[in-house]
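# Here is my input; please provide its structure:
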Amino acid sequence: ACGDCAPLQAPPALASPSTPPQPPTPMPPFPPKLPCGVATCTLAVLNSNADGTTCEARMKWLERKRSMTELGACFVVAFVEYREACGGCAPLQASPAPASPSPSPLPAPPMPPFLPKPEPKIPCGVATCT
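Numbering: from 1, shown residues only. Below is the predicted model of the structure:
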């Protein structure tokens with residue numbers, strides 16, 4: 001056996017015995033995710049009646065059935081199709097919901113980059129029409 005070997009000793013304590021170990025400082029929680037990325041998209045707006053279906057249900061349908069992003073679906077429902085009922089959910093507040101019907105028609109909104117561009121219209125249905 002080993003006559004020159006010293007007996008094993010416990011390593012010195014890292015903290016003094018009078019100081020109990022402290023738990024790590026917890027990370028602050030992530031802020032809650034805002035529907036459509038805007039604070040004005042509240043539960044009341046999401047649950048608003050948009051022609052017989054809620055704004056939220058219309059947005060979720062576009063996400064599932066048309067493979068749209070959340071922001072794309074919000075834009076279509078809240079800015080293009082149901083601005084009065086769902087306008088509070090328009091991403092980046094593209095335009096607030098009108099307070100009352102406007103006598104002049106609203107201009108077409110700019111096409112966001114996340115939606116496909118429409119096909120160009122040919123006046124009489126054939127490319128050689130003059």
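# could you point out where this structure is predicted with low confidence?
Applying pLDDT under 70 to the chain flags the ranges 1-19, 28, 30-31, 93-130.
# Return the set of buried residues in stretch 69-88.
Across stretch 69-88, burial judged by 16 or more other CB atoms under 10 Å covers 70-80, 82-83, 85-88. Any C-beta I mention is one placed from the backbone N, CA and C, and that applies to glycine too.
# Tell me where the longest helix sits in this structure.
Longest helix of the chain, by residue count under DSSP state H: helix 55-65.
# Just the CA trace of that helix, in PDB.
Provided in PDB are the C-alpha atoms of helix 55-65 (Å, rounded to 0.1, in the frame of the first residue of the first chain):
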ATOM      1  CA  CYS A  55     -62.400  39.700 -35.600                       C
ATOM      2  CA  GLU A  56     -60.100  37.100 -33.900                       C
ATOM      3  CA  ALA A  57     -61.800  34.100 -35.600                       C
ATOM      4  CA  ARG A  58     -61.400  35.800 -39.000                       C
ATOM      5  CA  MET A  59     -57.700  36.500 -38.400                       C
ATOM      6  CA  LYS A  60     -57.100  32.900 -37.200                       C
ATOM      7  CA  TRP A  61     -58.900  31.500 -40.200                       C
ATOM      8  CA  LEU A  62     -56.600  33.500 -42.600                       C
ATOM      9  CA  GLU A  63     -53.500  32.300 -40.700                       C
ATOM     10  CA  ARG A  64     -54.600  28.600 -40.900                       C
ATOM     11  CA  LYS A  65     -56.300  28.400 -44.200                       C
END
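# Please report how far the closest residue to P35 other than its chain neighbours lies from M27.
The shortest distance from P35 to any non-neighbouring residue, by CB to CB, 6 or more residues apart in numbering, is to C41 (4.2 Å). Separation of C41 from M27 (CB to CB, to the nearest Å): 27 Å.
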